[in-house]
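Participant: I would like to see how this sequence folds:
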Amino acid sequence: MTDRVDRGSRDEAAAPAWWSGSADQIPDLLRSAGYLASEQTGAVLWLAAQLGRPVLVEGPAGTGKTELAVSLAAATGRRLIRLQCYEGLDEARALFEWNHSRQLLRIVADQVSRASRPGPPGPPGVPAEASVFTEEFLLTRPLLDAIRAAEPVVLLIDEVDRLGLEAEALLLEVLSDYQVSIPEFGTVTGQRVPTVVLTSNGSRDLTEALRRRCLYLHLDYPPVEREREILALRVPGIPEHLVEQIAAFVGSLRQLDLRQRPSVTQTLEWARTLLALGTQDLDAGLAAESLPALLRYRPDLELAAEELAAGRLAWG
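Facilitator: Purely as a prediction, here's the structure:
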């Protein structure tokens, strides 16, 4: 069988950068989707747009890495395609696989049809096996979906540090040329380069080869001032005084030697819970009762309770 080559019609000149404005306008763009970005974030995203490069966003869990890609897609009106990484992820889950059950049914049906024809068998035609390696039987996974998309998309490769080296090598191949070779089908080349965001919690060192292909952005826990802004934006109707208390208390918790510091998402959930309960003011008793909403490990809870009882955790 001769491979069919499906190269698409990528034209770099006809595929302009997703952002034609200045770098300092990107935080305002993301704010329209409910995401507060720093000037550094805006600068890195602007460079990525101009160069057509992926962005590797690294930092502790819960600092807004995934939300950055989600907000970027929402703010630019692009479809979000997400590949959630995990140990053991393979080509069949990341790129493509064949629908084997349908292929088998087609082969059996073809064989039955030929056997039931009256008269002597005709000249040999296309083997049944050849007819099952077509678009009809191809199951597209996130990476191939992003490559083949005719419209602009944002490809989120989430928690890439959870991949093994073999799966990371697969990413390198895809991110190099944005094309995939399918032995039975042909070479598939994207019509346009997707906007790619990779996130990493830093659980392992990524290869130098992968880092070289990306622009780098580090996101840490926000300072108290920025967290106040996030709370005011994402939790409408919350009193300003309560916002200050929540941001200060969570900031104090993050200064402790914890196994897992409270994430921005946990802070927002806690704030929404307090607002739903009609809380107007945070006190020591309510803070102590709220610790399980912010911390997930027993040693962390015990340490925070001791610090709170000793008056070393501040709010407001």
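Participant: what's the neighbour count on the closest residue to R296 other than its chain neighbours?
Facilitator: Distance criterion Cβ to Cβ, 6 or more residues apart in numbering; nearest residue to R296, sequence neighbours excluded, is Q260 at 5.8 Å. All C-beta spots, glycine's among them, are computed from the backbone N, C-alpha and C. By other Cβ atoms under 10 Å, the residues close to Q260 number 14.
Participant: now swap in V160 and tell me
Facilitator: 23.
Participant: got the domain ranges for the protein?
Facilitator: 12-95+141-218, 96-132, 224-309 (automatic domain parsing).
Participant: buried ones in the helix or strand of the chain with the lowest mean pLDDT?
Facilitator: One helix or strand of the chain scores below all others by mean pLDDT, DSSP states H and E: helix 100-115, with a mean of 78. Across helix 100-115, burial judged by 16 or more other Cβ atoms under 10 Å covers Q103, R106, D110.
Participant: helices or strands next to the next helix or strand after that helix in the packing?
Facilitator: Per DSSP states H and E, the first helix or strand lying C-terminal to helix 100-115 is strand 138-140. Strand 138-140 sits against strand 96-98, with contacts defined as 3 or more Cβ pairs under 8 Å, 6 or more residues apart in numbering; DSSP states H and E.
Participant: and the contacts of the strand it packs on?
Facilitator: With contacts defined as Cβ atoms under 8 Å, 6 or more residues apart in numbering, strand 96-98 is touched by E91, V132, F133, F137, L138, L139, T140, R141, L144, V180, I182, E184.
Participant: buried among these? Need that as a selection in PyMOL.
Facilitator: Restricted to buried positions by 16+ other Cβ under 10 Å, the PyMOL selection for the contacts of strand 96-98 reads:
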select buried, resi 132+133+137+138+140+141+144+180+182
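Participant: do I have it right that S263 meets T63?
Facilitator: Yes. Counting by Cβ atoms under 8 Å, S263 does reach T63; the two are 7.1 Å apart.
Participant: of these two, who's got more company?
Facilitator: More crowded of S263 and T63, by other Cβ under 10 Å: T63, with 22 against 19.
Participant: could I get the contacting residues of the more buried one?
Facilitator: Contacts of T63 by Cβ under 8 Å, 6+ apart are L219, D220, Y221, P222, S263, V264.
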